[in-house]
Every structure is written in structure tokens, then in C-alpha cells.
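Novice: Below are the sequence and a predicted model for it; my questions follow.
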Amino acid sequence: MPDPPTPRVQVRRLPERASYDRDLINSILDEALICHVAFVHDGTPVAIPTIHARVGDTLYFHGSPASRMLRGMRSGEAISVNVTLLDGLVIARAAFHNSMNYRSVVLFGEPRIVEDPDEKWRALEAVTEHVLPGRWADSRPMTEKEMKGTLVAAVTIDEASAKVRSGGPGDDAADYELPIWAGVIPLELRPDDPITDPRQTVDAPPPPYVGEYRRP
Ligand SMILES: Cc1cc2nc3c(=O)[nH]c(=O)nc-3n(C[C@H](O)[C@H](O)[C@H](O)COP(=O)(O)OP(=O)(O)OC[C@H]3O[C@@H](n4cnc5c(N)ncnc54)[C@H](O)[C@@H]3O)c2cc1C
């Protein structure tokens, strides 16, 4: 059984699905387009979906300085972050054994606001590149005003767990004789054809990284 870095990230149920391997954790964080950030505000737990980007051991978030989530990160109080990649629906013979195939990460950390302009710039580049690799270099660069109007927060990835389920259903032995279909419906996030902005008046075809977009 793998050892968790802290008790807080110890997966309890089905621990054989747990991993604390940093490469696996990083790959899940990188493949997921969004995460959910959980924090406590005025005694109320809140989970907010948002974009993230990883640079080495740091996970970055960005947004409006008015965002409650980002303002809250100024306090440095602990947050929890979750990302989940859904790989399939696992359909068992018994409703009780229905499940899902997934790769998920839960991490805890004390966030900080990124004040250093260079780090902030690199974080915003990372967020843009995380969503659409190749886009930062092609984008109109951020202005001073836009930089000031964006808050960037960071959390170190040192307390994290991954949980992975793969494979088919696990029915009770006797149920395999039942005349009921069982199996997996694979799921993946796939792009459709890009739709050019109707307000685009110049002749600018979609760059290759748009046409060839896929995750990861
Ligand atoms: C798509 C999906 C669907 C799920 N559906 C269900 C469901 O219907 N019912 C259900 O009970 N469980 C479901 N799970 C599993 C669920 O996420 C928990 O793993 C489960 O509730 C067991 O939690 P626990 O009480 O053992 O651990 P907890 O005490 O809740 O967690 C302890 C620590 O384990 C780690 N951990 C727990 N779960 C995960 C995870 N999924 N990924 C990474 N780290 C984790 C965290 O670090 C956490 O702090 C689902 C998971 C996914 C990804």
C-alpha cells in the first residue's frame, strides 16, 4: 500500500485505488481543464469551479480581484482542490455495483497571492497554455491594466492524493449468470469543429493548434 505524505490525504475506502505518485498526480492535474476549489467562508463550505495551471510543484489560479475565492486566498487559510477526469460509466448487472472509471486528485494547501510581476506573468502564460497550448504566443499581450485587474494565487502541491478506477464491473459471482448486459461505456472529452467568431472580419484561419486540439 502506498504511503500518503500526510494523514489528511490518506484514501480510506478502496485504498488499493489510491496513489501518491507525483507524476500520476501531475498528469491528472495537467489533463483536467478545470478544478474545483473548496474553502470555508464565514463558516460555510463552498466549492467553486475554476481554471488552474501547474508549473512544477505549484498550482496557479487566476481571476478578478473581486472573486471571493481569490480574495479568500489572501488569508492563506487552507483550501482543498479537486480535479476529476471521467473515463467511463461502469454498468454492472446489479445496480448496487454500478460505478465509474475515473482519475481524480484531491490536494490541500495554504495559498498565497502572487505579487512578483515575473511570476504573475509566467502564471498567466501557464493558465493560457494549459487551456490551449500555443495560444499565449499568438495572443495580443496583456496590458498593464489587465495585469492589475487580474489576481493570481498559488498553492504548492505537496499534500495530494490520486485515486484511479479502471476496468469492468465487479458483480457478485452468482450474478454473472444473469441475462443482463454489463460493461463499460467509455467517455472522453473531445472537441467539435471550431466555430469562427462571427465578428471576425479579417482573414485569419484557425491556427493548427485549434484544428488539432485534443486533450491531453
Ligand atoms: C467520478 C467519481 C464518482 C464517485 N462516486 C462515488 C459515490 O457515488 N459514492 C461514494 O461514496 N464515493 C464515490 N466516489 C469516491 C469518492 O471520491 C471517495 O473516494 C469515497 O467517498 C471514499 O472516501 P473516504 O471516506 O474513503 O475518504 P475521505 O475521508 O472522504 O477522504 C480522505 C482523503 O482521501 C483522499 N481521497 C478521497 N477520495 C479521493 C478521490 N476520489 N481522489 C483523490 N483523493 C481522494 C483525499 O486526500 C481525502 O482527503 C467517486 C469518485 C469519483 C472520482
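Specialist: That came through, no problem.
Novice: quick one: low-confidence parts of this structure?
Specialist: 1-2, 215-216 (pLDDT under 70).
Novice: Relative to Arg93, how far out is the residue of the chain most remote from its centre?
Specialist: Among residues of the chain, the one most distant from the C-alpha centroid is Glu177; the distance is 39.7 Å, by CA atoms, centre = their mean. Glu177 is 9 Å from Arg93, where distance means CB to CB, to the nearest Å. Placement of C-beta: from N, CA and C, glycine included.
Novice: Same question for Tyr20.
Specialist: Distance of Tyr20 to Arg93, given as CB to CB: 33 Å.
Novice: Residue numbers of the chain in contact with the ligand?
Specialist: Applying CB under 6 Å from any ligand atom, we find that the chain lies next to the ligand at 8-13, 84, 86, 100, 102, 104-106, 161-163.
Novice: Narrow these to those that are buried.
Specialist: Neighbour-count burial (16 or more other CB atoms under 10 Å) applied to these gives 9, 11, 84, 100, 102, 104-106, 161-163.
Novice: Narrow those residues to those in strands?
Specialist: Counting by DSSP state E, those place 84, 100, 102, 104-106, 161-163 in strands.
Novice: got those residues as CSV, with distance to Arg140 columns?
Specialist: CSV is the format used below for those (distance: CB to CB, whole Å):
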residue, distance to Arg140
Thr84, 33
Met100, 41
Tyr102, 37
Ser104, 36
Val105, 33
Val106, 37
Ser161, 39
Ala162, 37
Lys163, 40
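Novice: Tell me which two in these are the farthest apart.
Specialist: Spanning the widest gap among those are Met100 and Ser161, at 17.5 Å by CB to CB.
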